[in-house]
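Q: show me how the following folds:
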Amino acid sequence: MPRETYRLLIVLVALLCLGCSEKSVDPPDPGPPEPPFAKATAAERSLLNSSTSFGLNLFREIADDAEAADNLFVSPLSVSVALGMALNGADGSTLEEMRSTLEMADLSLEEINESYRNLTRLLVQADPRVMLEIANSIWYCEGLHVQDEFIDLNMTFFDALVTQMDFGDIAAAGIINDWVNEKTHGKIPDIVQSPISPGLVMFLINAVYFKATWTAKFEESATQDAVFILPDGSNKTCRMMAQGGNFSYFENELFQAVDLPYGSELFSMAVFLPRPDIGIDSVASQLNLGNWENWTASFAVREGDLYLPRFRFSYELTLNQALMALGMGIAFAPSEADFTRICPGLFISEVKHKSFVEVNEEGTEAAAVTSIGFGTTAEPPTKFFMHVDHPFLFVIWERESGTIVFMGRVADPVYD
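A: Have a look, this model is predicted:
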């Protein structure tokens, strides 16, 4: 082999080896992804704490009034977002009471709006393995003169769908409920009663849908019939899921608790089981922001066996009394409420909440809808009905002068 050819082969082999060497080098490990809320502003963190505190207070108030045998399931996020939209229409003492109830008295409306927009966007994008959808809408009757700024703020910061419609139309409630049904993937088919009450002129509606699989699923083959003890001491049979392994676990003198992650572990379900000699009301009464932060910070990995029942149920309630008990009374008072930033004469007539949850071996599916119905102290615009089906009079006149040109009576509407 000629010397020049030999040298060329050596160079080519060296280059090939170098290329292989470069390809075999792994890229540097970027480390764990940055938590989605790591760059949250001070206002956003304040709203996060406020929303959590409000949710705990609301649940505690609802639990205090509920029967011991009742299942409860609410979405504090849904209620908070719906009331956040309503804030943009409140003024004066109505606004201050609502901000205080939501525990946002230290934030300006601009900060509240910006924080709701940014945090909801972060929530729905936080974990690609978890489906979380948040949708908002505003529906108001024809003839109601709604302030443009109120509409613009809610479209800008809450991505609200805005629709003006004839509330007197028998199909109106169905149109709204179709939106609710779609946004909750069929889990909550309706929130507005048909026909719409003549006293209601506007609805602010929030819908939340959640679906996620457990990070570590339960094996269906391990699920068995088991006894569940009801509040009155009687027993019923349920389907009990089972799983062993390492869990985020915490216990104290009140309860045992386990935190079960979904997807990439950014969302989870914390389960609190009261001690046998401690009633569930005693645990519910301790729900406040300070305890919640201490409890969740105390979870640590521990090996154990977990038995958790499958369950699925729907729930609904009117939140008027709970919100008034939390300090939001003026908004419900027709003679005192100030929603002039929406339209003069409005007050909150009803806050309705519906929810659905299913927990099984695969994971969890949940949905909630909050509807804020506004009434008016003004005479609501109504659609008249006139059926000319018996003898009548008619007048043909010149309106400027008042001159009557013709008059008549029709007793038999012949058409010759």
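Q: so what's E219 up against?
A: With contacts taken as C-beta atoms under 8 Å, 6 or more residues apart in numbering, E219 has the following neighbours: A242, Q243, E361. Where you see a C-beta, it was placed from the backbone N, CA and C, and this is true even at glycine.
Q: now those residues as TSV including distance to A43?
A: Rendered in TSV, the data for the contacts of E219 read as follows (distance: C-beta to C-beta, whole Å):
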residue	distance to A43
A242	44
Q243	40
E361	41
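Q: just those residues: which are in strands?
A: Using DSSP state E, A242, Q243 are the members of the contacts of E219 that sit in strands.
Q: what residues sit buried inside the helix or strand hosting S282?
A: Using DSSP states H and E, S282 sits in helix 280-284. For helix 280-284, a neighbour-count test (16 or more other C-beta atoms under 10 Å) marks V283, A284 as buried.
Q: now do the SS call for G84.
A: Taking DSSP: H, G, I helix; E, B strand; the rest coil as the rule, one finds G84 in the helix state.
Q: to clarify, my last question referred to D190.
A: Using three-state DSSP, the secondary structure recorded for D190 is coil.
Q: that one touches W179, doesn't it?
A: No. Contact between D190 and W179 fails when scored by C-beta atoms under 8 Å: they sit 10.3 Å apart.
Q: quickly list what's touching both of these two.
A: Taking C-beta under 8 Å, 6+ apart as the criterion, D190 and W179 do not both touch any residue.
Q: nearest to T184, of the contacts of E219?
A: Out of these, the one with the shortest distance to T184 is E361. That distance is 22.6 Å, counting by C-beta to C-beta.
Q: which one is that closest one nearest to, not counting chain neighbours?
A: The spatially closest residue to E361, leaving aside those adjacent along the chain, is F218, at 4.1 Å (C-beta to C-beta, 6 or more residues apart in numbering).
Q: how about K354?
A: Of all residues apart from its sequence neighbours, E316 sits closest to K354 (C-beta to C-beta, 6+ apart), at 4.3 Å.
Q: tell me the pLDDT at that neighbour?
A: Note for E316: predicted pLDDT of 96.
Q: pretty sure D65 is touching T318, no?
A: No. With contact defined as C-beta under 8 Å, D65 does not count as touching T318 (11.2 Å).
Q: D190 and W179: which has the busier surroundings?
A: For the pair D190 and W179, the greater number of neighbours falls to W179 (20 against 16), based on other C-beta atoms under 10 Å.
Q: need the contact list for the more buried one.
A: W179 touches S137, L161, I205, A207, counting by C-beta under 8 Å, 6+ apart.
Q: would it be right to say that it lies in a helix?
A: Yes. Assigned with three-state DSSP, W179 falls within a helix.
Q: any idea how far the helix or strand that comes right after the helix holding S282 is from the chain center?
A: As assigned by DSSP H and E, the chain's next helix or strand after helix 280-284 is helix 289-297. The chain centre lies 23 Å from the centre of helix 289-297; the measure is C-alpha atoms, centre = their mean, to the nearest Å.
Q: touching, I188 and H353? I think so.
A: No. Counting by C-beta under 8 Å, H353 is not a contact partner of I188; they are 10.1 Å apart.
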